[in-house]
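Undergrad: this one's sequence-less:
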């Protein structure tokens, strides 16, 4: 089943292009009314291959708050680039973010 991407999803992608990594909590504070809705939507985006969690070289995951760090995948970046062709994307964003610590 195909996931219909919302304007909010695309703004999350835009945020991840700009900041490279964001926590569940920061995405919730910016885009969602509750942490449960944030987790559910990010889970759907992860299941469709648009975002993944990231832990390499970062402080421990915020287990108590249920917060992870998130980054775009190649698929998420592809959708972003098609929807926003004029937006600047840093060179090798996905590979660099994946390797970063």
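TA: Received, thanks. On a predicted model such as this, the values are computed, not experimentally measured, just so you know. Numbers count the residues shown, from 1 in each chain.

Undergrad: so where do the helices sit in the chain?
TA: 7-19, 24-31, 35-47, 74-83, 93-99 (DSSP state H).

Undergrad: With distance to residue 53, mean pLDDT and mean neighbour count added, can I get those helices in CSV?
TA: Where you see a C-beta, it was placed from the backbone N, CA and C, and this is true even at glycine. Formatted as CSV, the helices of the chain follow (distance: least, Cβ to Cβ, whole Å; pLDDT from 0 to 100; neighbours: other Cβ atoms under 10 Å):
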stretch, distance to residue 53, mean pLDDT, mean neighbour count
helix 7-19, 12, 96, 17
helix 24-31, 9, 95, 18
helix 35-47, 7, 96, 16
helix 74-83, 13, 94, 16
helix 93-99, 12, 74, 15
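
Undergrad: would you turn those into a markdown table with distance to residue 68?
TA: Formatted as a markdown table, the helices of the chain follow (distance: least, Cβ to Cβ, whole Å):
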| stretch | distance to residue 68 |
| --- | --- |
| helix 7-19 | 13 |
| helix 24-31 | 5 |
| helix 35-47 | 8 |
| helix 74-83 | 15 |
| helix 93-99 | 14 |
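
Undergrad: Which one of the ones you listed lies nearest to residue 54?
TA: Of all the helices of the chain, helix 93-99 sits nearest to residue 54, with 7.2 Å by Cβ to Cβ.

Undergrad: so what secondary structure elements neighbour that closest one?
TA: With contacts defined as 3 or more Cβ pairs under 8 Å, 6 or more residues apart in numbering; DSSP states H and E, helix 93-99 has these neighbours: strand 69-72, helix 74-83.

Undergrad: Try it again at 7 Å.
TA: Helices and strands touching helix 93-99, as assessed by 3 or more Cβ pairs under 7 Å, 6 or more residues apart in numbering; DSSP states H and E, comprise helix 74-83.
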